[in-house]
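**Student:** heads up, no residue letters with this:
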């Protein structure tokens, strides 16, 4: 049960891992402070020139972190050389703060994403008279996909395009363990008691990926280090109880008016592939869909080059 709950998709003051420890993981990038939301520092991995005219923001899911997008981000900077990429650690995850008493529900994360988007959209060049604002592409994976859909439906300002990677948001799609955990603190506590850095890594290898040989140990260990702390577990419990399987998105996708790119692995054991068709039927006409054979829940991890090329090809051209 603990493994099943932990792999469904993704408090108190921050427990920071020493920079030397993160650097030793070999991530080729370190998270930096991006903005402050409701008193909590949000950190991000930033690749490319922050003044670039096209700016991608990647939002992770349940129990994830911004580090999981680094391979995709590196490939994307090569495919789209006029772009910069921000891989966000949401509040409660990774090296971002984990505020005690935060709601960790859909409105909370909607506000966090708004703060991130507003920060990323600002730059010295775009604020000059007559300058075009940067293009903003907002991307979300799994529960992070649910978060960005919620943001687009209720706000969506400054965003030019949406990228959804096996998004959550449909009722019951996380399965019986997810439904049980989202409604019971006792069940969540049992699952969290089993989470360590090593059990987290084993879960990613054995449940999230189709091909364990493609396992990116550095980024998974980065997420696991923080998740296994008392602060990380407390935040994840709150996310599970207050966001997972809550405020589902059926009936609201027609409110999205920007172009959408949707990707899904055909062998997804976390959010089954059949939900891709439900999204396609409800998303705006013209939505671009890409499916990956022999791929689990994280196409950005298992096929970063192919996904980067497709995202760049379908980018907005002014």
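**Tutor:** Looks like it arrived, so ask away. Just so you know, these numbers come straight off a predicted model, no measurement behind them.
**Student:** which ones are touching residue 102?
**Tutor:** Going by C-beta atoms under 8 Å, 6 or more residues apart in numbering, residue 102 touches 11, 38, 40, 91, 92, 108, 235, 238. C-beta: built from backbone N, CA, C; applies to glycine.
**Student:** sorry, that was for residue 286
**Tutor:** By C-beta under 8 Å, 6+ apart, the contact set of residue 286 is 259, 260.
**Student:** Could you measure from it over to residue 252?
**Tutor:** In this view, residue 286 and residue 252 are 18 Å apart by C-beta to C-beta, to the nearest Å.
**Student:** Residue 20: what secondary structure?
**Tutor:** helix (DSSP: H, G, I helix; E, B strand; the rest coil).
**Student:** Just give me the neighbour total for it.
**Tutor:** By the measure other C-beta atoms under 10 Å, the count of residues near residue 20 is 7.
**Student:** That one and residue 32, how far apart?
**Tutor:** According to C-beta to C-beta, residue 20 and residue 32 sit 16 Å apart.
**Student:** in the stretch 101-250 of the chain, which spans are helices?
**Tutor:** Counting by DSSP state H, counting those that start in this stretch, the stretch 101-250 of the chain has helices at residues 106-121, 143-154, 175-183, 185-193, 197-203, 217-227, 230-242.
**Student:** Could you say which of those is packed most deeply?
**Tutor:** Ranked by mean neighbour count, those are led by helix 143-154 with a mean of 25 (mean count of other C-beta atoms under 10 Å).
**Student:** From the chain's centroid, how far away is that one?
**Tutor:** Counting by C-alpha atoms, centre = their mean, to the nearest Å, helix 143-154 is centred 10 Å from the centre of its parent chain.
**Student:** could you say what helices and strands it packs with?
**Tutor:** If contacts are counted by 3 or more C-beta pairs under 8 Å, 6 or more residues apart in numbering; DSSP states H and E, helix 143-154 sits against strand 54-59, helix 106-121, strand 135-141, strand 161-165.
**Student:** Nearest approach to residue 97 belongs to which of the ones you listed?
**Tutor:** Evaluated over the helices and strands packed on helix 143-154, closeness to residue 97 peaks at helix 106-121, with 10.7 Å, by C-beta to C-beta.
**Student:** Would you mind giving the contacts of residue 102 as CSV with pLDDT and distance to residue 309 added?
**Tutor:** Formatted as CSV, the contacts of residue 102 follow (pLDDT from 0 to 100; distance: C-beta to C-beta, whole Å):
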residue, pLDDT, distance to residue 309
11, 36, 38
38, 96, 37
40, 97, 35
91, 98, 32
92, 97, 32
108, 98, 34
235, 95, 35
238, 93, 37
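**Student:** residue contacts, the residue nearest the centre of the chain?
**Tutor:** In the chain, the residue lying closest to the centroid (C-alpha atoms, centre = their mean) is residue 60, at 1.4 Å. By C-beta under 8 Å, 6+ apart, the residues touching residue 60 are 10, 66, 68, 69, 87, 88, 89, 90, 93, 141, 142, 144.
**Student:** and what of residue 111?
**Tutor:** Contacts of residue 111 by C-beta under 8 Å, 6+ apart are 37, 38.
**Student:** For it, give its distance to residue 93.
**Tutor:** Taking C-beta to C-beta, one finds residue 111 at 16 Å from residue 93.
**Student:** now residue 271
**Tutor:** 18 Å.
**Student:** With residue 278 instead?
**Tutor:** 27 Å.
**Student:** Tell me which of these two has more neighbours.
**Tutor:** residue 93 (28 against 15).
**Student:** that older thread, okay if I get the helices of the stretch 101-250 of the chain as JSON lines plus distance to residue 209?
**Tutor:** Converted to JSON lines, these look like this (distance: least, C-beta to C-beta, whole Å):
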{"stretch": "helix 106-121", "distance to residue 209": "25"}
{"stretch": "helix 143-154", "distance to residue 209": "18"}
{"stretch": "helix 175-183", "distance to residue 209": "18"}
{"stretch": "helix 185-193", "distance to residue 209": "20"}
{"stretch": "helix 197-203", "distance to residue 209": "10"}
{"stretch": "helix 217-227", "distance to residue 209": "10"}
{"stretch": "helix 230-242", "distance to residue 209": "20"}
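**Student:** Among those helices, which comes closest to residue 24?
**Tutor:** Minimum separation from residue 24 across these (C-beta to C-beta) falls at helix 217-227, 9.3 Å.
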